[in-house]
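Participant: heads up, no residue letters with this:
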């Protein structure tokens, strides 16, 4: 189900912050032009967002909203607070933390795998990380609407809170001694931390982690793509959990 | 090491077929203009390829080549024939077959993981599959230059040849009964077949496969991205092989 938002400010802000994807913009014919309206049209054109000029009568269905002649259809984003997530009663929560994943394709792809693997949430910092925008949504094949998205200001204090709430923090690190399959993912709450494409997981977060794991490289070569690396670790956890529970999936 | 190619035809063809990435084009100042030269410049502009007009003296180093005032720096592509690959003496060869992977980002990403995992080759059909172009090269982070690339006209007859040469064919299939970790990847030559983004592995190839495997889905959702799926299966094989050999990586 798509949401809609209304009003020149609101639509322009949504277009500018890029956190929600906009599928269609309805504009009232013969509206008074102003800078905001021009900016909305300019952004819509530049991003290939459908926009239609419709007669006044078509806006009757939106009459209880102060729409100023502008309606935009946007995807819903399931942001939830860390506190709300932690208060959900569920055993063995599994989450992914992205610490600076910048490429929106990678971000979307990680979310897609996390959803397929039945993970509970994605935690990401509000800065120096891809925001949830249309590209992320597209790369996730719509998966962003099927998992709890937790945007936080500080990853460091988030990790502290998670640890205080019985989460084990598992950071991926090319220099780790343990391989990703050397640890037991069963019967616990855990968070797998994936680092940025260039720098990996930041030192502060590595220091706070309970486990550091690597994916073995069989040839001397650059490194794995971060979304592929995430998928490998995520599914090792899934496999262990399925095998331990004796469930046949 | 970059290669260079020379001549208007050759450079234009390379630009047009897109199989090798072109990093830079050198053009001689005051060359006689013709359609081919214009096309080269047009394509270079449209793809953002660097091109420079240089004086005649700068071409002295290329004097033994009939360059017609055009030199292009291109990445080497390691195409090898299936026969040559099969004749290489190596135990337990591991290959990936892509059966219709169309997105060049996915293709590059699969090659990157295969290289990291020490796989020996990538086999792909010459039609209905991404060709090895600049996008593939970029998405592979240059990995295309570190693995045998085998382009074949018929995947079906390639599979027959592989089977006749002691390869086991393992096809991924969402409807398979076995999970990807249910089979033993050790002590054998094997080929993992990844299908197209939309259709999966084609029926003909599925019928010829020795194993069909799936990646379990823990939530009812579309499916995994093909490059992520490939990474998960590839690394399950790597893990089994490392653990069986007792090697610590």
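Facilitator: Noted; the coordinates are in hand. Computed from a predicted structure; not experimentally measured.
Participant: ok, and for stretch A:9-17, which residues are buried?
Facilitator: By neighbour count on 16 or more other C-beta atoms under 10 Å in any protein chain shown, the buried set for stretch A:9-17 is A:10-12, A:14-15. Heads up, the C-betas are built off the backbone N, CA and C, glycines and all.
Participant: check stretch A:202-209 too.
Facilitator: A:202, A:205-206, A:208-209.
Participant: take these and keep only those in helices.
Facilitator: A:205-206, A:208 (DSSP state H).
Participant: is the helix ranked longest in chain A up against chain B anywhere?
Facilitator: The longest helix of chain A (DSSP H) is helix A:226-245. Yes - for helix A:226-245 and chain B, the contact criterion (C-beta under 8 Å from any C-beta of the partner chain) is met by A:227-232, A:235-236, A:238-239, A:242-243.
Participant: and the angle from that helix to helix B:226-245?
Facilitator: Relative orientation of helix A:226-245 and helix B:226-245, computed by axes from the mean of the first three to the mean of the last three C-alpha atoms, to 10 degrees: 60 degrees.
Participant: give the other helices and strands that helix A:226-245 contacts.
Facilitator: Using 3 or more C-beta pairs under 8 Å, 6 or more residues apart in numbering or on different chains; DSSP states H and E, the elements in contact with helix A:226-245 are strand A:94-99, helix A:104-116, strand A:167-172, strand A:189-195, helix B:104-116, helix B:226-245.
Participant: rerun at 7 Å
Facilitator: With contacts taken as 3 or more C-beta pairs under 7 Å, 6 or more residues apart in numbering or on different chains; DSSP states H and E, helix A:226-245 sits against helix A:104-116, strand A:189-195, helix B:226-245.
Participant: just the buried residues of that helix, please?
Facilitator: Going by neighbour count (16+ other C-beta under 10 Å), the buried part of helix A:226-245 is A:226-242.
Participant: with stretch A:47-61 instead?
Facilitator: Those buried within stretch A:47-61 under the rule 16+ other C-beta under 10 Å are A:49, A:51, A:59.
Participant: what does chain A put close to chain B?
Facilitator: A:109, A:112-113, A:115-118, A:141, A:143, A:146, A:181, A:215-219, A:221-222, A:224-225, A:227-228, A:231-232, A:235, A:238-239, A:242, A:249 (C-beta under 7 Å from any C-beta of the partner chain).
Participant: quick check on residue A:71: phi, psi?
Facilitator: phi -130, psi 140 (degrees, to the nearest 10).
Participant: quick check: chain neighbours aside, which residue is closest to residue A:119?
Facilitator: Closest residue to residue A:119 apart from its sequence neighbours, by C-beta to C-beta, 6 or more residues apart in numbering or on different chains: residue A:94 at 4.6 Å.
Participant: and the one you found, how close does it get to residue B:120?
Facilitator: With distances taken as C-beta to C-beta, to the nearest Å, residue A:94 is found 34 Å from residue B:120.
Participant: which of those two has more neighbours?
Facilitator: Each of residue A:94 and residue B:120 has its neighbours counted (other C-beta atoms under 10 Å in any protein chain shown); residue A:94 has more, 23 against 17.
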